[in-house]
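Peer 1: for reference, the sequence and a predicted model appear below.
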Amino acid sequence: MKFRRFVGILITGALLTTGVALSLDQRTSQAVTPVDFGVIGPGAVAGWQGSALTPSSAPSPSLALPLLLGLNGGNDLEARALAVSTPSSPLYGQYRSVAENARALNASDATIAAVTTWFAAHNVSISVDPTRSYVKADVPISVIEAMTGTTYGGYTMQGLPAGAFIYTPTTAPTSLVNGLDGFIDRVYGAMVVWDTSSNHPLSVSTQPGGPTPVTPQTLPSVAPTFPIDGGTPWRTGVASDACSAAEQLSVQGHRFGLSPGQLRSAYGIDSLWNAGFKGRGARIAIVDSSPYLPSDIAAFRSCFGLEGTSITDHVIGSPLDPTQSMETTLDIETVLAIAPEAERIDWFGVAPGYSGTQLGRTLLELVTAPLDASMTGGANPDVITVSFGSCEPLLSSTDPGMSPILSIYEQTLATAAASGIGVYVATGDNGSSECHGALSGAPGFAPAVWLPSTSEWVTAVGGTNITLDADNRISSAGAWNDGAYGVPPDPQTGQIGSGGGGLSTFLARPSWQTAIGAPAGPQRMVPDVSAFADELPGYIVFINGAWIAVGGTSAATPLTAAAMALQSTVTRACNKPALGFTAPLLYSLAAADAGSSEPVIVDVTQGTNDPYNVGVYSTGAGYDLASGLGWVRHDRLRHRLASECEVVLVTPKFTG
C-alpha cells in the first residue's frame with residue numbers, strides 16, 4: 001500500500017527523486033514493485049546536499065544498519081479510517097482494534113511470512129510493528145547489497161564532522177530482489193551518515209518543542225493596557241484551587257500561572273467534572289522525549305487535590321537524566337489537571353540518539369508504541385498526545401529518508417484513526433516561522449510548519465493567549481504571539497513565543513479539511529483547533545522541585561487531548577462510540593455552527609502568529625492559519641454529544 005498524499009518533497013530547492021532506474025541481475029522480465037528509498041546513491045546525495053561526494057573506504061560488509069521497511073498492504077485503510085471518523089458516514093464510530101485493523105487492512109500473514117523467511121535465510125531477525133505497517137531490523141550491509149542488487153561505497157563530503165562517512169549504494173536501487181519484491185515498498189535507513197567515533201548513525205535532526213518558563217527576561221518590555229489582541233500576560237481570573245504555594249507565583253509584582261481549576265472553568269470542562277466525568281473509563285497515552293521526576297507529579301497532585309490513576313512508564317532506550325524533564329512533566333501534569341481519574345495513563349519516552357537515528361524514526365517508534373495493546377493494559381488508548389517534532393524544512397534537509405519515513409508514519413496513523421484513537425499533536429511555539437532558530441539566515445524566517453502536526457490523521461493543536469473574567473471564563477482570546485506584548489527575542493535563540501500554523505510543504509490537504517475562511521490550495525493546513533498556550537501567564541506546574549509557570553502548544557495539546565478523552569467517556573455513557581480521530585467531527589461542528597451565537601468552537605479573530613513581522617498569518621472570521629477553527633467550549637460539546645441520553649456513569653478502574 002503506497003501512502004503518497006504528498007504535495008511534493010521539496011529538498012533544498014529541488015524536487016526529490018529516488019534515483020535512476022536500475023536493472024538487477026536477479027531480475028527476470030516480470031514486473032517489479034517500485035520501492036521508495038528516499039535519497040540514495042552518490043548522485044542523489046550530492047544533489048540533495050548541494051556538495052560533491054569524495055570516494056573513501058567502503059564500509060565493512062558486516063556493519064549492520066538500522067532499517068525500517070514499509071510493508072505493502074493495500075486493503076482500503078484510508079477509506080476505512082475516514083469512514084469511521086466522519087460523522088455523516090454510516091460507519092461512523094464502528095471501530096475495530098489496532099490488531100484487527102492491522103490484519104485486515106495492512107500487511108497480510110503471507111507478506112509477513114515471506115519477509116520473515118527471506119531475512120531468516122540471511123541470519124537477520126525482524127520485528128513487526130503492531131499496525132503491520134513496517135518492520136525493524138539491524139541489517140548487515142552485505143545483506144542490504146543482496147536485497148538491492150547493489151554494492152556499497154563510502155564517501156566524505158565537505159561539512160561532515162570528523163569521523164563521519166556517508167555509506168550508500170554506488171548506484172541508486174529502485175526495487176528489491178525476488179523474495180522481497182511486492183512485500184516491501186519503502187526502505188528507510190539504507191543511505192546513512194555513519195559516525196565512526198560512536199559507531200552508530202549520526203543523529204542530525206533533533207528539535208524538541210519544549211515549553212518556555214516565565215522569567216524576568218520574558219516579560220513585556222512595556223506596560224501597556226491589557227488585553228492586547230485578546231490576551232493578558234499575567235494571571236487574570238481567580239486561582240482558588242487550595243494550593244497556596246503554587247498560587248503565589250509572581251515576577252516583578254505580577255501573578256503568573258493559571259491553576260488547573262482555572263483551566264477547567266475556562267474551557268467548560270468543569271461541567272464534565274460536575275457531572276462526575278473526571279476521567280473514569282478514559283485511556284490516555286503521553287508520548288515524549290524525556291523522563292520526569294515522580295516526586296514532582298506527587299507534589300502537584302497533592303497540592304491541587306488531583307489524586308487518582310498512577311502513571312505507567314515505558315522507556316525506550318536508556319533512561320535520561322531525570323532533571324531534564326520539563327516537557328514530560330508539563331504534559332503529565334496538564335493531563336492530570338483535566339483527567340486525574342483516567343482508567344489508565346501511559347507515558348512513552350525515549351533517550352535522544354536511541355538507535356542512533358534521525359528524529360523521524362524516533363518519533364515513529366514512539367507513536368507506534370501506544371498502539372501495542374500489550375503495553376497499555378490490553379486495550380488501545382482513546383487519545384495519544386504528542387508534544388514534539390521538527391519544522392519540515394529542517395527534516396527535509398537533514399534526513400535522507402524523509403519520504404519513506406513520512407509515508408510509513410501516515411500509514412501507522414491511519415491505522416490508529418481506523419481504530420478509534422485520537423492523536424493530538426502540537427504545532428510548535430515559533431509562530432508562522434517554525435524553523436527560526438533551527439535554520440540560519442533568511443530561511444529561518446520563512447513560513448514553515450511543524451511535523452508531525454501536519455499529518456492527515458492527527459488533530460493539530462495551535463496556541464492562543466487568554467484573558468479570564470472573575471468566574472474564570474474566557475472573556476477574550478487571540479492568536480498566541482508574545483511579540484504583540486513587546487516581549488524581546490530570546491537572547492540566545494532569537495525566538496519569540498507564538499503558536500505554530502501555516503501550510504505543509506509535504507502533505508496534501510485532507511478531504512475533511514474544509515472550512516469557511518480557509519485559503520484555497522492543495523496543502524494540509526495547521527492548526528485544526530487551538531487552546532491556551534501562552535507562557536504569559538503560563539500554566540502552573542511543579543518541575544524539578546519548584547513551582548513555575550510555563551507555556552507552549554505542548555501544554556495546549558495535552559489539555560485538548562485529555563478533554564477529548566473525557567468527552568469520549570460521556571459518549572460511552574450514552575451507549576455511543578468514543579470520539580476517536582476528532583478532526584472531521586470538529587470541522588463538521590464548525591460548519592454546522594456558522595453564524596451561531598453559541599458555537600461549540602469559538603472563532604478567534606484577534607491577533608496574528610507572526611512574531612517576526614514576515615507577513616503571515618492573521619486571524620479572521622472562520623478558519624485561519626493562526627488559530628485554526630478556534631477554541632473548543634467543552635460544556636457545549638458535552639451537551640451536543642449527550643443531549644438525547646440519560647448519562648450512566650462508568651465505574652472507575654485504576655489499572656495504571
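Peer 2: Received it, and whenever you're ready, just let me know what you need.

Peer 1: contacting residues around residue 334?
Peer 2: Taking C-beta atoms under 8 Å, 6 or more residues apart in numbering, we find residue 334 in contact with 539, 541, 555, 558, 559, 562. C-beta: built from backbone N, CA, C; applies to glycine.

Peer 1: kindly report the same for residue 542.
Peer 2: Residues touching residue 542, when contacts are defined by C-beta under 8 Å, 6+ apart, comprise 246, 296, 297, 299, 300, 303, 329, 333, 548.

Peer 1: redo the residues you listed as TSV? Include pLDDT and distance to residue 269.
Peer 2: Compiled in TSV, the contacts of residue 542 are given as follows (pLDDT from 0 to 100; distance: C-beta to C-beta, whole Å):
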residue	pLDDT	distance to residue 269
246	92	19
296	95	23
297	96	20
299	97	23
300	97	17
303	97	19
329	94	21
333	98	15
548	94	23
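
Peer 1: out of those residues, who's the most crowded?
Peer 2: Taking other C-beta atoms under 10 Å as the neighbour criterion, residue 333 ranks highest of these with 26 neighbours.

Peer 1: is it true that that residue touches residue 298?
Peer 2: No: contact status for residue 333 versus residue 298: not in contact, 10.9 Å apart, counting by C-beta atoms under 8 Å.

Peer 1: after the helix or strand containing residue 463, next one along is what?
Peer 2: Secondary-structure assignment from DSSP states H and E places residue 463 in strand 459-464. The helix or strand immediately downstream of strand 459-464 is strand 467-468, counting by DSSP H and E.

Peer 1: average pLDDT across the following helix or strand past that following strand?
Peer 2: Downstream of strand 467-468, the next assigned helix or strand under DSSP H and E is strand 474-476. Mean per-residue pLDDT for strand 474-476: 98.

Peer 1: show me what contacts residue 278?
Peer 2: Residue 278 neighbours (C-beta under 8 Å, 6+ apart): 272, 308, 339, 340, 341, 566.

Peer 1: can we see that at 7 Å?
Peer 2: Contacts for residue 278 (C-beta atoms under 7 Å, 6 or more residues apart in numbering) come out as 339, 340, 341.

Peer 1: distance of it relative to residue 59?
Peer 2: Summarising the geometry, the distance separating residue 278 from residue 59, computed by C-beta to C-beta, to the nearest Å, is 56 Å.

Peer 1: and if you look at residue 36?
Peer 2: Per C-beta to C-beta, residue 36 is found 22 Å from residue 59.

Peer 1: what's the answer for residue 505, then?
Peer 2: Plainly put, residue 505 is 32 Å away from residue 59 if you go by C-beta to C-beta.

Peer 1: what do you get for residue 230?
Peer 2: From residue 230 to residue 59 the distance is 56 Å (C-beta to C-beta).

Peer 1: who's more crowded, the two?
Peer 2: residue 230 (24 against 21).

Peer 1: ok, that one to residue 608 distance?
Peer 2: Distance of residue 230 to residue 608, given as C-beta to C-beta: 11 Å.

Peer 1: ok, now residue 541?
Peer 2: Distance of residue 541 to residue 608, computed by C-beta to C-beta: 27 Å.

Peer 1: then residue 219?
Peer 2: If you measure residue 219 against residue 608 using C-beta to C-beta, the figure is 21 Å.

Peer 1: those two: who's more crowded?
Peer 2: Between residue 219 and residue 608, counted using other C-beta under 10 Å, residue 608 has the larger neighbour count: 27 against 21.

Peer 1: mind listing what the closest residue to the more buried one other than its chain neighbours touches?
Peer 2: Across the structure, with C-beta to C-beta, 6 or more residues apart in numbering as the measure, the residue nearest residue 608 apart from its sequence neighbours is residue 618 (4.7 Å). Each residue near residue 618 by C-beta under 7 Å, 6+ apart is listed here: 608, 624, 626.

Peer 1: got the phi/psi numbers for the last one?
Peer 2: This points to residue 626. Comment: the main-chain dihedrals of residue 626 come out as phi -100, psi -30, following degrees, to the nearest 10.

Peer 1: ok, it - contacts?
Peer 2: Counting by C-beta under 7 Å, 6+ apart, residue 626 makes contact with 479, 499, 501, 607, 608, 609, 617, 618, 619.

Peer 1: residue 219 against residue 251, yeah?
Peer 2: Yes: with contact defined as C-beta atoms under 7 Å, residue 219 and residue 251 form a contacting pair (6.4 Å).

Peer 1: quick revisit: could you pull up phi and psi at the residue nearest to residue 608?
Peer 2: Residue torsions, per degrees, to the nearest 10, at residue 618 are phi -100, psi 150.

Peer 1: state the distance from it to residue 370.
Peer 2: Taken as C-beta to C-beta, the spacing of residue 618 relative to residue 370 amounts to 36 Å.

Peer 1: equivalent analysis for residue 423, please.
Peer 2: Distance of residue 423 to residue 370, given as C-beta to C-beta: 9 Å.

Peer 1: overlap of the contact sets of those two?
Peer 2: What both residue 423 and residue 370 touch, as defined by C-beta under 7 Å, 6+ apart, is the set residue 384.
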